[in-house]
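Peer 1: Sequence and predicted structure, then a few things I'm wondering about:
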Amino acid sequence: MENLNVYAPRLIPKEEAFAPGHRACIGCGEVLAVRLATKAMGKNVVVVNATGCMEIIASQIPNTSWNVPWIHTLFENTAAVASGVESGLKAMMRKGRIPQEEINVAAIAGDGATLDIGLQALSGAMERGHKFLYICFDNEAYMNTGVQRSSSTPFGATTTTSPSGKQSQGQFSWKKDMPAIAVAHNIPYVATACPSYPFDMMDKVKKAMNVQGPSYIQIFSVCPTGWRCAGDLTVRLGRLAVETGVFPLYEVENGKYKMSMDVPKLKPLTDYTKLQGRFRHLTPETLSQIEAKVVEKYNEIKAKANGEVCA
């Protein structure tokens with residue numbers, strides 16, 4: 001297994017850009033991801049936040065958990081607002097209204113606001129070449145509004161709008177490959193990350209902030225409430241998602257794939273699914289079908305990283 005330098009000594013900022021006192025659920029993986037990502041972003045950043053869990057739990061009037069400039073926007077236009085902020089800052093610097101300095105822009109949203117409702121605005125922003133980082137915190141459903149399916153919900157998972165029953169085994173479609181869609185826009189940097197591997201995730205956020213142009217990171221965010229799992233399993237499930245191939249860690253720099261962690265022998269899918277109530281209804285046959293798809297996709301990404309197939 002490739003060494004991610006998980007235990008290498010690092011200097012991590014003690015200051016919290018995303019402060020305690022929010023109202024997230026116990027064991028929320030997304031909060032952990034946001035906390036680590038904002039530490040990597042630094043202080044000189046404007047965060048544009050789509051409607052969703054992080055907006056709700058961190059902006060209860062008259063309080064806020066945000067210690068950096070923060071804008072709440074709608075599900076559908078997060079990337080458009082981030083584009084406007086980036087363009088506005090450049091214009092004000094050009095006209096001498098604010099000092100010439102590096103001010104980064106980061107757009108953050110869940111999978112529903114990214115893969116579904118906000119895809120049009122994100123595609124446009126990437127095509128125009130705005131310099132900003134877009135982070136999708138992927139908890140694989142619309143968790144804030146009641147655990148409805150999104151196009152990031154894995155095949156077979158049960159949600160309130162893809163329930164299991166006599167006529168259905170849960171989610172009926174395979175997870176949309178949003179990183180591949182981002183890569184297809186020919187942007188400088190695309191990556192996947194998981195807070196269970198914190199240094200890898202923070203390194204990728206730092207790298208993404210420094211590229212000249214759009215960057216996209218999809219961060220795996222365990223949701224104990226929506227996944228019906230114990231709150232103390234968040235970090236473990238994130239690791240199992242990587243070790244089973246469910247969520248491979250890789251990056252794509254200027255079209256070139258690189259595995260962040262190569263798992264020579266993937267763990268059985270059931271090591272991951274058996275800990276979550278959303279998969280409890282699945283038959284061994286269906287789990288085998290899902291595992292075959294997971295392995296196929298993992299090998300496809302690995303082949304791209306090895307230069308065996310054209311990316």
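Peer 2: That came through, no problem.
Peer 1: what sits up against stretch 20-37?
Peer 2: Under the criterion Cβ atoms under 8 Å, 6 or more residues apart in numbering, residues 16, 18, 53-54, 56-58, 60, 63, 65, 106, 108, 110, 135, 137, 139, 193-195, 198, 201-202, 205, 219-225, 230-235, 237-238 lie in contact with stretch 20-37. Backbone N, C-alpha and C define where each C-beta goes, glycine included.
Peer 1: Keeping just the C-alphas, turn it into PDB.
Peer 2: The C-alpha trace of stretch 20-37 is given here as PDB (Å, rounded to 0.1, in the frame of the first residue of the first chain):
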ATOM      1  CA  PRO A  20     -16.500  24.800  17.500                       C
ATOM      2  CA  GLY A  21     -20.100  25.500  18.600                       C
ATOM      3  CA  HIS A  22     -21.800  24.400  15.400                       C
ATOM      4  CA  ARG A  23     -24.800  22.000  15.400                       C
ATOM      5  CA  ALA A  24     -23.700  19.100  13.400                       C
ATOM      6  CA  CYS A  25     -24.700  15.600  14.100                       C
ATOM      7  CA  ILE A  26     -22.500  13.400  16.300                       C
ATOM      8  CA  GLY A  27     -19.700  11.800  14.300                       C
ATOM      9  CA  CYS A  28     -20.300  14.100  11.200                       C
ATOM     10  CA  GLY A  29     -17.500  13.400   8.700                       C
ATOM     11  CA  GLU A  30     -18.300  16.500   6.700                       C
ATOM     12  CA  VAL A  31     -17.500  18.800   9.700                       C
ATOM     13  CA  LEU A  32     -14.200  17.000  10.100                       C
ATOM     14  CA  ALA A  33     -13.500  17.500   6.400                       C
ATOM     15  CA  VAL A  34     -14.400  21.200   6.500                       C
ATOM     16  CA  ARG A  35     -12.300  21.800   9.500                       C
ATOM     17  CA  LEU A  36      -9.200  20.200   7.900                       C
ATOM     18  CA  ALA A  37      -9.800  21.800   4.500                       C
END
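Peer 1: related to what we said a few turns ago, helices - which of the contacts of stretch 20-37 land there?
Peer 2: Using DSSP state H, the members of the contacts of stretch 20-37 that fall in helices are 53-54, 56-58, 198, 201-202, 205, 224-225, 234-235, 237-238.
Peer 1: Buried ones among the residues you listed?
Peer 2: Among the ones in helices among the contacts of stretch 20-37, those buried by neighbour count (16 or more other Cβ atoms under 10 Å) are 53-54, 57-58, 198, 201-202, 205, 224-225, 234-235, 237-238.
Peer 1: For Ile56, give me its contacts.
Peer 2: Ile56 neighbours (Cβ under 8 Å, 6+ apart): 23, 144.
Peer 1: Kindly recompute the last result at 6 Å.
Peer 2: Asn144 (Cβ atoms under 6 Å, 6 or more residues apart in numbering).
Peer 1: Repeat that for Glu253.
Peer 2: Contacts of Glu253 (Cβ under 6 Å, 6+ apart): Tyr189.
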